[in-house]
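Engineer: output the structure for:
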Amino acid sequence: MSGAARAARAAGVAAVALAVTAGTIGTAGAVGAAPDGDGDARRPGVNRLEGVWQTDGYGIIVEIHGTAFTTYDVTRISCTPGFFSGAQVGAPGRDGTVRYGQSGKAYASSSLTPRGHDRAVYKEDGGASARDLTRLPGGLPAQCRQPAPQDALATFDRFWATFEENYPFFAAKGIDWHAKGAQARAGITPQTSADDLQKILVGLLEPLGDAHTALGRKRPGGGYDGVFGGRRPGTAEPTDEVREQAARAVAAQLLAPEQPFGRGLLGVGELPGGIGYLRVSAFDGYVEDGPYQDHAAELDKALDVLLAHPERLNGVVVDLRLNGGGSDELGLRIAARLTDRPFLAYRKVARNDPADPTRFTRPQPSVVRPAAGTTRYTGPVALLTAGSTVSAGETFTQAMAERRPAPVRIGENTQGVFSDIMFKPVSADFVAVLPNEKFLTRSGSTYDGPGIPPNVRTPVFTPEELTQGRDSALTEARRLLAAGSTRAADAADAADAAADSADATAAAGAR
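Structural biologist: Purely as a prediction, here's the structure:
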């Protein structure tokens, strides 16, 4: 897959993610305007959310009016229309919670709950955390009511400011964003074309080496084409040929062909020695079009087959090597089937001060709780990871590190991107894609940049391995799991202890 094609795919993922972030964050109108009196506002069925709100972090203003919502992307120098709009689905709940979704969709995808008169909490279906909102008493800022200039210099300034005020990793990556911005800005003139501006913006993104950064360009028929997508240096997007060869290498070790679920993005199989195998190629896309609950139900079908007889399993391999990300909550859903005790997965923070890159929102913990009313497995687990383990594939890997017994990670470092993606239009032609969050470990560090290291390092789908039909990572997982839970846990614990003094040092730079 070409860089542009991969970027287009990334932009598509971002669009799905932001359908339940930037756009639907304010879909909280109700039938009729909300009364001003507190007594009326407490009555069930009355919209308590009418008005204008601003998120803590994320650079979003939400205007709620009647059953409609409108979003605006804001920086210190600009306010422009957001990417999405939508409408309320159903009546408000007794506590004032409003369910809402995208325009044209019959189902809701998120909720907004008032916390008194001036605060509210937004939660997306499938999201692992919530966002705090504060009412803006003065209403919509005047700047948001004015058309934004569309010339090259204004577009560049909005793009630069969007990253300057939201991106968390300039220091960790050794990037002087001010110097690079000043140098690039000096090359913009009134004659700068859209093609030339595209090259300038891509030139700013490339040194970041961040797979959660991208640039999209409006196409004539509507929508966006990805014209750039970042990547950690030394890693590449797997081609379709590599995926096909990898599937054959895995199949050679399975006792029977894997059983596909989720439109082929999930696969369940059995390895010799009573070891279960679960391939997770993404944490979304399991149904063609439907709410989070439909995706979760499809995942549950795969897990029910994998864990039909947990007492017969001597181990479970979860293969994340070609995982393109998706919903963090679906990852936590798998973890909930692999434990009998609660554990902290991670704590999540987002940049929330445009002028101070060290300021973040309050940490929000995500806790894995044992799934109730269904089968669970608590024995040894091996996780297969690679540079093509991205985003939600990595948050799942990070969460599982806190499980006991700890899984053994085999393969390569993950890609090193964990944040949700923000989708920010900066002009009529261009949209910027970027992260603004950190997923903190128990010690307060992150793995953004270098990725999560394996406990046991092996080749992963190299040309030599694929040519010979080998899969060293899967073979090693079978060996460790066949040796029993103690051997696998010892391998994980010993390697993690060594990694704490090496890889974690680099990861701490992203704190």
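Engineer: and the most centrally placed residue in the chain, how far from T385?
Structural biologist: By CA atoms, centre = their mean, the chain has its centre lying nearest to D420, at 3.7 Å. Separation of D420 from T385 (CB to CB, to the nearest Å): 20 Å. Using the backbone N, CA and C atoms, a C-beta is placed for each residue, glycine as well.
Engineer: what are the phi and psi values at the residue nearest to the centre of the chain?
Structural biologist: The main-chain torsion angles of D420 are listed as degrees, to the nearest 10 and equal phi -60, psi 160.
Engineer: ok, Q150 next?
Structural biologist: When quoted as degrees, to the nearest 10, the phi and psi of Q150 stand at phi -110, psi 10.
Engineer: check contacts around it.
Structural biologist: In this structure, Q150 makes contact with 427-428, judged by CB atoms under 8 Å, 6 or more residues apart in numbering.
Engineer: how much space between it and V381?
Structural biologist: From Q150 over to V381 (counting by CB to CB), the distance is 52 Å.
Engineer: I64 too?
Structural biologist: For I64 relative to V381 (CB to CB), the value is 44 Å.
Engineer: ok, now N166?
Structural biologist: For N166, the distance to V381 under the criterion CB to CB works out to 35 Å.
Engineer: show me where the stretch 1-150 of the chain has helices.
Structural biologist: Using DSSP state H, counting those that start in this stretch, the helices of the stretch 1-150 of the chain run over residues 3-18, 38-41.
Engineer: mind listing what G373 touches?
Structural biologist: For G373, the set of contacting residues under the criterion of CB under 8 Å, 6+ apart is empty.
Engineer: ok, back up a step: which one of N166 and V381 has more residues nearby?
Structural biologist: Each of N166 and V381 had its neighbours counted (other CB atoms under 10 Å), and the higher figure belongs to V381 (29 against 24).
Engineer: residue contacts, the more buried one?
Structural biologist: For V381, the contacting residues are 315-318, 338, 400, 403, 405, 407-408, 488, by CB under 8 Å, 6+ apart.
Engineer: wait, isn't Y292 in contact with G326?
Structural biologist: No. Taking contacts as CB atoms under 8 Å, Y292 lies outside contact range of G326: 10.5 Å.
Engineer: hang on, the earlier thing: now distance to P463 and neighbour count too, for the contacts of V381, in a markdown table please.
Structural biologist: Converted to a markdown table, the contacts of V381 look like this (distance: CB to CB, whole Å; neighbours: other CB atoms under 10 Å):
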| residue | distance to P463 | neighbour count |
| --- | --- | --- |
| G315 | 29 | 25 |
| V316 | 29 | 24 |
| V317 | 23 | 26 |
| V318 | 25 | 25 |
| L338 | 33 | 24 |
| M400 | 30 | 25 |
| R403 | 34 | 18 |
| P405 | 35 | 16 |
| P407 | 28 | 24 |
| V408 | 26 | 28 |
| A488 | 29 | 27 |
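Engineer: low-confidence ranges, this structure, go.
Structural biologist: Applying pLDDT under 70 to the predicted model, the residue ranges of the chain that meet it are 1-46, 485-511.
Engineer: go again with 50.
Structural biologist: Applying pLDDT under 50 to the predicted model, the residue ranges of the chain that meet it are 1-44, 486, 498-511.
Engineer: mind listing the strands for the stretch 101-250 of the chain?
Structural biologist: 110-114, 119-124, 130-135, 214-218, 224-229 (DSSP state E, counting those that start in this stretch).
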